[in-house]
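> Structure for the following, please:
(2 chains)
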Amino acid sequence: MSEAKRASVIGGGSWGTALAHLMASSGADVRLWMRNPERVTEINEQHTNSRYLKDLPIDRKVVATGDLQEAVEFAQTIIVAIPAKSFRSIAYEMGSFVKGDQVLLSATKGFEAEHLKRMSQVLREETCARKIGAISGPNLADEIMAGQPTATVVASPYDEAIDAGARLLAGPTLRVYGNHDLVGVEIFGALKNIIAIASGGCTGLGLGANSLSMLLTRGLAEISRFAERHGAQRLTSLGLAGIGDLIATCSSPLSRNNTLGRKLAEGKNLDQALSEMHKVAEGVNTTNAVHLHAGHLGVDMPIAAGVYAVLFEGESVNDVLGSLMSRANRYEHTERPIAEPQPITGSVVETALAVATRRSD
Amino acid sequence: MRNDLRDAALVELRSRIVDACITQASLEDGLPLDVLINDTLYHEKKRLETDRESPVRAQDAAFWDGVKSRLGKANEAELKEILKSIVERFTEEVRGNFSPWVYGMATKVMPKALPLLLNALSPKRLVSRGMPDISETINIHGNVDTLRRMNELGTVILAPTHLSNMDSPVIGWALFAMGLPPFTYGAGLNLFTNPVMSFFMRNLGAYRVDRRKTAPLYKDILKEYATVALEMGQPNLFFPAGTRVRSGKVEDKLKLGLMSCGLRAYVNNLARKKERPNIYVVPATLNYHLVLEAETLIDDHLRIEGKSRYIIDDDESSRPRKILQFTQNLVNLSSRITVNVGDPIDPFGNAVDDEGRSIDSHGRVIDITKYVTDGDGRPTHHPQRDRVYTREAGEAVAESFKKHNVVLSTNLVAFVFFEMLRYRHPELDLYRLLRTGDEGTGVTVSSLTRHVGQVWDVLSKMARDGKITLDDKSVGSGDAQVIVQSALRHFGTYHTRPVLARRGDRVFTEDMNLLLYYSNRLRGYGLERIVRRALTEAS
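So this is what the prediction gives:
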């Protein structure tokens, strides 16, 4: 295509702005849509987004607009970075302008609470677009703005969507990896926020590397169980959107969910903690949604249940940690409690011998 | 398909396949012609080793021996000739025949002659036993007007669920009854083994599909044949399950091979700027109180769970007596086969409005040409993209199947009974439970009726929300007693051992496998929870 690189970003929060900046600095013309007219003016005149990104300068090829139609029709590829709560209503509005050949990539990590819909599902339901995907990975907005090197995953069942995302995003400070496992990438992106809250709690209690490592590993195990139950591929948990994102979110003080966890460990309740942060912590909604659905599905998610208890049932981080530590010891991968006898399997003779032994015990 | 159209289709098909083979062979990572031919030869030789029943086995063997001996010293031009002869052989075998005379006759006598159609039963014997007329028993529901309309606005692919070998004649008759032309469809060779059935199949436009032939080239030919037929505006009938569903469930794993033909034909139509390029997929469900081959199917399912590769040549549908008994039952019980026609979708899985335009979930019209055109507006084939489109369209078909699945009394009562037994033995896995059964104690009529009523309440709400369909006649009343009676009446007949039978104030099962089979039709709706909860509360 002879046309210069173009992209649209829907949503002018920190991540949306950072993505717009990133693409502009690698040569694309970018339209950045946001509702607030004052911030549109600020970006177009001062080239900053002070509410979300302090005084970090934004590339001049980013042009902000309050006109959704203009933003949607500007480019072939659209990145959507809207908080999960208002994602559907904006996707619906976009649906009036989106055409079937456009690529839509969700950059939002979260679920729609009620039916546990992933953001790509919402895009699919609200627009006629098919080439839908998601962007996820260890991508803290502030570090990206500061030009630090990292990598991201563009996931979609469509090669064309991955290709379009890679062309726009890849640059000297960002490597792009493709993945066809959209379900897995989105689920890990959302669920890691629960573990991030827990890890903030750990840090807040003054715990060290051993504890944090246990939390991350077992956290990954339980969110993998949940993800696989929804059709995700196991290997995705070992990739950038799985363990990669988890390490970044849980080890950075910049992460909102992590910050929230720390405040909770200091003894603040959810409302107090949130009122001290002006950014959305997606992990709160995700915990609520996932806790409910994990119960329905019969997926064992003890850490998520613990975070839920702290967030919504007023339990202290310390008590929850205590009850998590006192759970039965288990086999690492099968989750079978060590103390329970192994189910009898094997040849007829082995079975008979095992039964006899068990009787005589 | 009319014979002149068919001949044109065959010419087009051959040149497309041969061209495609030659083009891909010229690519750097393409399959060279000699390798392609060798591969086909290998598959066919292997088939011939085991396929001893094929009536043309000797001719086939001679043909492939010829290919083998020519292949050794063939130059490029000779290779192309060999390829052509292979393609010709395969296509010749696929071709169907359409005889308007046979069609006219078949539609007139079919309702009465279904047993005859399905089998080589002598007409004399049939008459002496009384000829069941099933035209009364095929019930057509759902979006019939839209189906007719789509057939005018574009080319239709009818995609029904597949439970029984009766499906093809039933659908064939239903199409006629709806005032639609005969549809082209691929029928397994095993349906051609019986001479009467074969006569009708061959003369009603069915093309032959030999599932024993595994050569990739052969499969390409089948797919391309359907594509060409669609492009010529010939409506097609595909069973997206690919084969009869062994478990009795509403199919959710669909074979997408033929579904992809719709998309390919659509793109080709766009490229040729055809006046009515649109292809519409219309899912439909076929619903039987009792299924002719249920016993064989569920046995097969349990034996080879999930791997439905098996082809059963000898099942109930090839036993004359069984068929006659089955159809007589249909009439005696005044039970009906319900054909429920779903809403049309486009080859991408979008809904379609009355004007044949694709619409999104809010009814906004979609320009679907955008899905398949490049930056300059040229229609393109893009295999990776098209596979995903087709998969998504398949998901839409599966969803439609679930919505249009018709709940019959046999399914509902079998489901509740089975779940009551499962609740009684939480410690048993499925296979143990099947062996244990109801331990000769059964359940009381009153508790069965009560739980049927509870599940019905949930089902009727789901039906109002459009998530499933209720059969007016056998379950529509909502009177659980009537529903249980209807199920018992059906289950008491036809099958070798009664699936459910009442003795005194209790109901017993004598065939757990069949009970599972009939209950499976209601899996995937989360109804198990309802029964479990009700039982927990009751205890």
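
> ok, whichever residue of the stretch 251-361 of chain A sits closest to chain B - how many residues close by?
In the stretch 251-361 of chain A, the residue that lies nearest chain B is A:His296 (9.3 Å; C-beta to the nearest C-beta). All C-beta atoms are positioned from the backbone trio N, CA, C, and that covers glycine. The local packing of A:His296 (other C-beta atoms under 10 Å in any protein chain shown) involves 10 other residues.

> Quick one, grab the pLDDT at it.
With respect to pLDDT, A:His296 has a value of 83.

> swap in B:Lys73?
If you check B:Lys73, the pLDDT there is 85.

> now do B:Lys307
43.

> picking that back up, and the residue of the stretch 251-361 of chain A closest to chain B, how far is that from A:Leu116?
Distance, A:His296 to A:Leu116, by C-beta to C-beta, to the nearest Å: 9 Å.

> for the stretch 1-150 of chain B, what spans make up the helices?
Here the stretch 1-150 of chain B has its helices, by DSSP state H, counting those that start in this stretch, at B:3-26, B:33-50, B:57-71, B:76-94, B:100-118, B:123-128, B:144-153.

> Could you export these as a markdown table, including distance to B:Asp167 and mean neighbour count?
Below are those laid out as a markdown table (distance: least, C-beta to C-beta, whole Å; neighbours: other C-beta atoms under 10 Å in any protein chain shown):
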| stretch | distance to B:Asp167 | mean neighbour count |
| --- | --- | --- |
| helix B:3-26 | 23 | 16 |
| helix B:33-50 | 26 | 16 |
| helix B:57-71 | 29 | 14 |
| helix B:76-94 | 21 | 17 |
| helix B:100-118 | 11 | 18 |
| helix B:123-128 | 21 | 11 |
| helix B:144-153 | 17 | 18 |
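
> and after the helix or strand containing B:Leu433, which helix or strand comes next?
Per DSSP states H and E, B:Leu433 falls inside helix B:430-436. Downstream of helix B:430-436, the next assigned helix or strand under DSSP H and E is strand B:443-444.

> residues in contact with that following strand?
Applying C-beta atoms under 8 Å, 6 or more residues apart in numbering or on different chains, the contact partners of strand B:443-444 are B:Phe417, B:Met420, B:Leu421, B:Asp505, B:Arg506, B:Val507.

> ok, B:Val406 touching B:Asn139?
No: look at B:Val406 against B:Asn139 with C-beta atoms under 8 Å: they stay out of range, at 9.2 Å.

> wait, what's in contact with residue 13?
Because you didn't say which chain, this covers chain A. Listed by C-beta under 8 Å, 6+ apart, the contact set of A:Gly13 reads A:Tyr52, A:Ala81, A:Ile82, A:Pro83, A:Lys279, A:Val280.

> wrong one, chain B
B:Thr91, B:Ile221, B:Glu224, B:Tyr225, B:Val228.

> Can you give me the distance of it to chain A?
Going from B:Leu13 to chain A by C-beta to the nearest C-beta, to the nearest Å gives 29 Å.

> just B:Met178 next, same as before
31 Å.

> How about that residue, nearest residue that isn't a chain neighbour?
Leaving out its chain neighbours, the residue that sits closest to B:Met178 by C-beta to C-beta, 6 or more residues apart in numbering or on different chains is B:Val144, at 5.4 Å.

> What subset of the contacts of strand B:443-444 is buried?
B:Phe417, B:Met420, B:Leu421, B:Arg506, B:Val507 (16 or more other C-beta atoms under 10 Å in any protein chain shown).

> what's the most distant pair in the residues you listed?
The most widely separated members of those are B:Leu421 and B:Arg506, with 13.1 Å between them, by C-beta to C-beta.

> Please point out which parts of stretch B:454-463 sit buried.
B:Gln454, B:Val455, B:Trp456, B:Val458, B:Leu459, B:Ser460, B:Met462, B:Ala463.

> what about the second one, distance to chain A?
Which is B:Val455. Counting by C-beta to the nearest C-beta, the gap from B:Val455 to chain A is 19 Å.

> That residue falls within a strand, correct?
No: looking at B:Val455 with DSSP: H, G, I helix; E, B strand; the rest coil, it is helix, so not inside a strand.

> what sits against it?
B:Leu412, B:Phe415, B:Val416, B:Leu527, B:Ile530, B:Val531 are the contacts of B:Val455 under C-beta under 8 Å, 6+ apart.

> Worst mean pLDDT across the helices and strands of chain B, which element?
None of the helices or strands of chain B scores lower by mean pLDDT, DSSP states H and E than helix B:123-128, at a mean of 44.

> I'd guessed B:Val470 sits against B:Val406; true?
Just so we're on the same page, residue B:470 is Leu rather than Val. Yes: with contact defined as C-beta under 8 Å, B:Leu470 reaches B:Val406; the gap is 7.3 Å.

> neighbour count winner among the two?
B:Val406 (25 against 20).

> Can you report phi and psi for that one?
The phi and psi values for B:Val406, taken as degrees, to the nearest 10, are phi -100, psi 120.

> how near is it to B:Arg432?
32 Å.

> so how far is the top helix by length along chain A from its chain's centroid?
Across chain A, the longest stretch assigned as helix under DSSP state H is helix A:182-204. Its chain's average C-alpha position is 7 Å from that of helix A:182-204, according to C-alpha atoms, centre = their mean, to the nearest Å.

> picking up where we left off before, let me know the closest of the contacts of B:Val455 to B:Met512.
B:Phe415 (13.5 Å).

> Verify the contact between that closest one and B:Ser519 for me.
Yes: counting by C-beta under 8 Å, B:Phe415 does reach B:Ser519; the two are 4.0 Å apart.

> any weak-confidence spans in chain B?
For chain B, the stretches with pLDDT under 70 are B:1-2, B:96-136, B:190-205, B:305-335.

> actually the stretch 201-350 of chain A, not the one I typed
In the stretch 201-350 of chain A, residues with pLDDT under 70: A:278, A:343-346.
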